[in-house]
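Chemist: Next come a sequence and a model predicted from it.
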Amino acid sequence: MAGQTLRIGTRKTAMAMAQTEEVARLLRASASDLIVEIVRFETRGDQDQTSKLLRHGGKGGAFVAEIREAMRAGELQAAMHSLKDVPGNEETPGLVIGATLPRDAATDCLVVRPGLSLESFRASRGKGFKIGTNAVRRAAYLRRLFPEATVIHFRGAADTRIAKLDRGDKQRLPDGGEVGPADALVMACSGLERIGRASRIAYDFPVDEMLPSVGQGIVAVECAANDFATRARLAKIENAASRLAAEAEREVLWVLNGHCNSPIAGHATFAGSEMILRASVLDETGDRFIEASRTGAADRPRELGRAVGLELLDKGAAEIIARTRPEETDE
């Protein structure tokens, strides 16, 4: 394998590039003779900054599908994904996650527009404020935490969203209308840290208030299942703790058969040789909330994830998920 080139695909956004550069740095450090070439893609989700991601088949169709197609065609040896964008309720024939990097911050945070203080937001309990997000999970939690605020559809890469917030831009909607401008945004802490904008974090939501998305903060590197040379290279940058957490959290998605429009959250932490897994399912209004939490052996993550998922089903999660499942549509 000496002197080989590894081509890794990624999105063109600032955050995706920062994540991929970290993957490349780790790979080069693990094999000094390896040439890592980064191939950038402008995915459907990046091209269309208006529609809801559901139109493109959710995050998987919007941000992952085209890069996977290039990898299956042999144009790439690997692909970088934010794990939270990788569908967890479906098979990916011929592909495997070859490496997971050490987990960054998994929590969500509030970013406020210039001139708006966190104190005024708290004092009003969000009344009269517009909070932007494109994530159904975040929207559901926001409606639960700040019932008097207005949650609006807000799209774009992390740096683009902040620029739109600061300029007071309105968000165009698929029907041609507009909403906004936003007074605040909810974003992933890890994303802001990756692009050097951590100073914009006004409030870091503890997991007791807003449970993170499954896989949030974990960078995953995917490759072909039968490309054993690439799998061997990726194994050198694997982080065992991230893999265990990812397997537990994604098992919950598998059990629930959650889809891109389901407000599902899950987060695993460690206590010595044990893992604590929390997961929740909300309806889109935030009115109905189901949560489950269990502790189990850290080296049996899927078993723990399955137990948590089944407990959520016993508590009525299937009914909530069914109500949020999109109907067949050409739109």
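Modeler: Received the coordinates, thanks. Numbers count the residues shown, from 1 in each chain.
Chemist: rest of the way, CA atoms for contacts and neighbours
Modeler: Will do.
Chemist: ok, for the residue nearest the centre of the chain, nearest residue in space, not its chain neighbours?
Modeler: Nearest residue to the geometric centre of the chain (CA atoms, centre = their mean): residue 84, 2.9 Å. Excluding its sequence neighbours, the residue lying closest to residue 84 (CA to CA, 6 or more residues apart in numbering) is residue 215, at 4.7 Å.
Chemist: Same question for residue 100.
Modeler: residue 220 (4.6 Å).
Chemist: and that neighbour, helix, strand or coil?
Modeler: strand (DSSP: H, G, I helix; E, B strand; the rest coil).
Chemist: in the sheet, who's paired with it?
Modeler: residue 81, residue 100 (DSSP bridges).
Chemist: Tell me which residues touch it, please.
Modeler: 80, 81, 82, 83, 97, 98, 99, 100, 101 (CA atoms under 8 Å, 6 or more residues apart in numbering).
Chemist: ends of stretch 256-272, how far apart?
Modeler: 28 Å (CA to CA, to the nearest Å).
Chemist: list the buried ones in that stretch?
Modeler: 256-270 (16 or more other CA atoms under 10 Å).
Chemist: Now do it: distance to the chain's middle.
Modeler: Distance, stretch centre to chain centre, for stretch 256-272: 11 Å (CA atoms, centre = their mean, to the nearest Å).
Chemist: got it, and stretch 153-172?
Modeler: The answer for stretch 153-172 is 18 Å, by CA atoms, centre = their mean.
Chemist: After the lowest-mean-pLDDT helix or strand in the chain, which helix or strand is next?
Modeler: Least confident helix or strand, the chain: helix 58-59 with a mean of 44, by mean pLDDT, DSSP states H and E. Next in sequence after helix 58-59, counting helices and strands by DSSP states H and E, comes helix 65-72.
Chemist: Pull out the buried residues from that next one.
Modeler: Those buried within helix 65-72 under the rule 16+ other CA under 10 Å are 65, 66, 67, 68, 70, 71, 72.
Chemist: now stretch 313-330
Modeler: 313, 317, 320, 321, 324.
Chemist: do stretch 192-199 as well
Modeler: 192, 193, 194, 195.
Chemist: The first one belongs to a strand?
Modeler: No - counting by three-state DSSP, residue 192 is not found in a strand; it is helix.
Chemist: pretty sure it is touching residue 202, no?
Modeler: No - between residue 192 and residue 202 there is no contact under CA atoms under 8 Å: 11.6 Å.
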